[in-house]
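Novice: Sequence plus the predicted model coming up.
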Amino acid sequence: MQKRSSFLIATVIVGTLLQACSGSNSAEDASGDGATATADAATVAAGEEPGESLAFEWSANGFEQLSAEYQWTGSGRRDEGFEPNFSLSVPETDDVIWSSGCMAGGKVKTAIYFTRPSKMQRNRATLRFETDKSPRTLAYEARYVADGQMDGFELVQSVQDPMFAEMRAGTWAYVHIGEGADGTKLRIPLSGAARGLGAFLPACSGAKKAAATPRSAPVLYACDDGRGVKATYMGNDTDTPVVRMEVDGQVHLLSSAVSGSGALYESDGDKKRSWHTKSKDGVWQESAADGSNEVSTNCREV
């Protein structure tokens with residue numbers, strides 16, 4: 001998830017070449033009315049002033065163009081190894097731009113891995129979103145998170161948020177975080193997004209949930225640093241799955257968190273701890289509360 005520097009350099013070059021070569025495209029440059037979204041009051045940025053649409057900004061000034069290797073995927077699967085997820089990534093890698101996961105109460109937590117604007121205040125920035133079919137520009141207050149697992153922006157939405165409906169109908173998405181030249185602007189193809197959301201959103205709303213039995217038997221792992229780890233997965237057929245970790249004679253309860261792939265569990269306190277599994281592999285990680293002194297080890301089920 002930390003491979004964004006090379007991605008940003010590459011997309012700047014591609015975006016510049018596309019703008020110089022293609023000129024204006026009326027179908028893709030259709031602009032909205034610039035109104036701020038009000039459908040999800042908990043996440044819409046307060047006091048946002050109407051302005052030019054993002055599609056207009058793209059046609060006039062250019063956005064970075066996301067390369068075709070990034071693909072939208074979505075799943076409603078819920079078992080001991082997977083949670084419902086909707087993401088934009090390079091398949092079979094950890095190169096993830098966007099990752100959404102389910103929360104309790106029909107909510108969706110979305111993580112967008114954009115660079116922190118240098119002028120951002122209080123770890124908050126406005127995220128503006130629009131598609132080529134949008135009637136308006138949506139605006140949200142996003143929180144910047146940097147904890148070793150994720151360096152990017154996080155927002156919580158309802159499954160009925162208009163963003164998802166517009167993603168299903170559109171061909172291109174325009175995303176802008178930050179203000180002016182200090183922000184990040186990205187033009188993203190939406191091919192595959194409708195299919196992914198169709199599988200993911202029902203799992204978050206509770207309309208369709210895969211039947212699963214909570215796993216109570218502990219699973220043993222052997223780690224590269226010589227330690228043995230015991231994990232007991234509980235509540236995986238609910239909205240609040242947890243794992244009980246036994247490490248170095250101590251017991252830790254970690255809650256499910258958003259992950260680009262596999263299953264991720266985290267806890268906070270005097271130390272931050274995380275357990276990230278995929279298939280029969282796992283990574284145990286510990287750090288100080290501020291993210292320093294990080295120690296991690298790779299483990300495999302025995």
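Specialist: In hand now; what should we look at?
Novice: tell me the SS of the residue nearest to Pro84 when sequence neighbours are not counted?
Specialist: Leaving aside its chain neighbours, Pro84 sits nearest to Ala203 (3.7 Å; criterion: CB to CB, 6 or more residues apart in numbering). Using the backbone N, CA and C atoms, a C-beta is placed for each residue, glycine as well. With DSSP: H, G, I helix; E, B strand; the rest coil as the basis, Ala203 sits in helix.
Novice: Isn't Ala203 up against Gly74?
Specialist: No: using CB atoms under 8 Å, Ala203 and Gly74 do not qualify as a contacting pair, with a distance of 9.1 Å.
Novice: What segments of the stretch 101-250 of the chain are strands?
Specialist: Secondary structure of the stretch 101-250 of the chain (DSSP state E, counting those that start in this stretch): strands at 107-112, 124-131, 138-146, 151-158, 172-177, 184-189, 219-223, 228-234, 242-247, 250-257.
Novice: To Lys271, which of those lies closest?
Specialist: Between Lys271 and the strands of the stretch 101-250 of the chain, the tightest spacing by CB to CB is seen for strand 250-257, at 9.1 Å.
Novice: Can you name every helix or strand that that closest one contacts?
Specialist: Secondary-structure packing of strand 250-257 (3 or more CB pairs under 8 Å, 6 or more residues apart in numbering; DSSP states H and E): strand 242-247, strand 263-267, strand 271-278.
Novice: mind listing what that strand pairs with, with the direction of each?
Specialist: Strand pairing for strand 250-257, determined by DSSP bridges: strand 242-247 (antiparallel), strand 263-267 (antiparallel).
Novice: what separates the most centrally placed residue in the chain from Ala257, distance-wise?
Specialist: In the chain, the residue lying closest to the centroid (CA atoms, centre = their mean) is Ser99, at 2.3 Å. If you measure Ser99 against Ala257 using CB to CB, to the nearest Å, the figure is 10 Å.
Novice: Bridged to the residue nearest to the centre of the chain, which residues?
Specialist: Residues in beta-bridge contact with Ser99 (DSSP bridges): Ser87, Ala111.
Novice: Settle this for me: it is touching Asn85, isn't it.
Specialist: Yes: between Ser99 and Asn85 there is a contact under CB under 8 Å: 6.7 Å.
Novice: thinking again about what came up before, looking at the strands of the stretch 101-250 of the chain, which is closest to Gly291?
Specialist: Among the strands of the stretch 101-250 of the chain, strand 138-146 comes nearest to Gly291, with 7.1 Å by CB to CB.
Novice: list the helices and strands that closest one packs on?
Specialist: Helices and strands touching strand 138-146, by 3+ CB pairs under 8 Å, 6+ apart, are strand 124-131, strand 151-158, helix 162-169.
Novice: try 6 Å
Specialist: When contacts are defined as 3 or more CB pairs under 6 Å, 6 or more residues apart in numbering; DSSP states H and E, strand 138-146 packs onto strand 124-131, strand 151-158.
Novice: Chain neighbours aside, what residue packs nearest to Asp270?
Specialist: Per CB to CB, 6+ apart, closest to Asp270 is Ala289, 6.1 Å.
Novice: Check Arg195 too.
Specialist: Per CB to CB, 6+ apart, closest to Arg195 is Gly74, 6.9 Å.
Novice: can you pull the pLDDT of that neighbour?
Specialist: At Gly74, the pLDDT value in this model is 90.
Novice: Within the sheet, what are the partner strands of whichever helix or strand it is part of, with directions?
Specialist: Taking DSSP states H and E as the definition, Gly74 sits inside strand 71-75. Strand 71-75 has the following sheet partners, assigned by DSSP bridges: strand 85-89 (antiparallel).
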